[in-house]
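Colleague: Here's a sequence, model it:
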Amino acid sequence: MINPSVLDTVLYLFENYLEDCEEPPQRATLEDVLHSSGFPETTVRRALDWLEVLDAPEDELVAEAFTTGASRVFSTQECMHLTPEARGLLIYLEQLGVLDAVQRELVIERLLALDNDEVDTEEVQWVVLLSLFRRPGQEAAFAQMEDLLYAEMAEFAH
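Modeller: Okay, the predicted model is just below:
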């Protein structure tokens, strides 16, 4: 396998293993799955480190720091890595209620952690989907995001 990206590796886990798991699997189990599928050690480690952050509990103080109706201003670093379309999609998903302010910040942090020079809307969609999947109580938002993602994919197929 030729150096897959962190997101490709995480998506492989999601599509081939995580989606059917009742309980979050242990890191060693995920390592075994990825190693047996031919993923390189460094990619496995980076992908599982990346995924671990999605499982971290939200800090209640961080959640209280966001006020309703506040506007999000993207930093220079975020603007350098997130395309205008990607930033617009994040704002749109928050307006739809798919993301709240805390989830938006987690998604932005995880997008920047991909270490891509440029993050596009497709990567935003997948990271949002993964982040919602990993959060209890987000089933409706996950379903809404899944519908949006697969509707767009069907549109491109035609």
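
Colleague: From now on I want contacts and neighbour counts done on CA atoms only, so please keep to that.
Modeller: OK.

Colleague: residues in contact with residue 145?
Modeller: Residues near residue 145 by C-alpha atoms under 8 Å, 6 or more residues apart in numbering: 98, 125, 128, 129.

Colleague: what separates residue 31 from residue 102, distance-wise?
Modeller: 29 Å (C-alpha to C-alpha, to the nearest Å).

Colleague: Helix or strand, whichever it is, which one in the protein has the lowest mean pLDDT?
Modeller: Within the chain, confidence by mean pLDDT, DSSP states H and E is lowest for helix 60-65 among all helices and strands, at a mean of 49.

Colleague: pLDDT below threshold where in the chain?
Modeller: In the predicted model, the chain carries pLDDT under 70 at residues 1-2, 58-70, 152-158.

Colleague: Quick check: the closest residue in space to residue 25 that isn't next to it in sequence vs residue 94, distance?
Modeller: Take residue 25 and drop its neighbours on the chain: the residue closest to it by C-alpha to C-alpha, 6 or more residues apart in numbering is residue 18, 7.9 Å away. Distance of residue 18 to residue 94, given as C-alpha to C-alpha: 25 Å.

Colleague: So between these two, which is more surrounded?
Modeller: residue 18 (18 against 15; other C-alpha atoms under 10 Å).

Colleague: Convert the C-alpha atoms of stretch 38-50 to CSV, please.
Modeller: C-alpha atoms of stretch 38-50 as CSV (Å, rounded to 0.1, in the frame of the first residue of the first chain):
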residue,chain,number,x,y,z
GLY,A,38,-1.3,-3.7,4.9
PHE,A,39,-1.2,-0.2,6.4
PRO,A,40,2.3,1.0,7.3
GLU,A,41,3.2,1.4,11.1
THR,A,42,3.7,5.1,11.0
THR,A,43,0.3,5.7,9.3
VAL,A,44,-1.4,3.3,11.7
ARG,A,45,0.0,5.2,14.7
ARG,A,46,-0.9,8.6,13.3
ALA,A,47,-4.4,7.6,12.3
LEU,A,48,-5.2,6.0,15.7
ASP,A,49,-3.7,9.1,17.5
TRP,A,50,-5.9,11.3,15.3
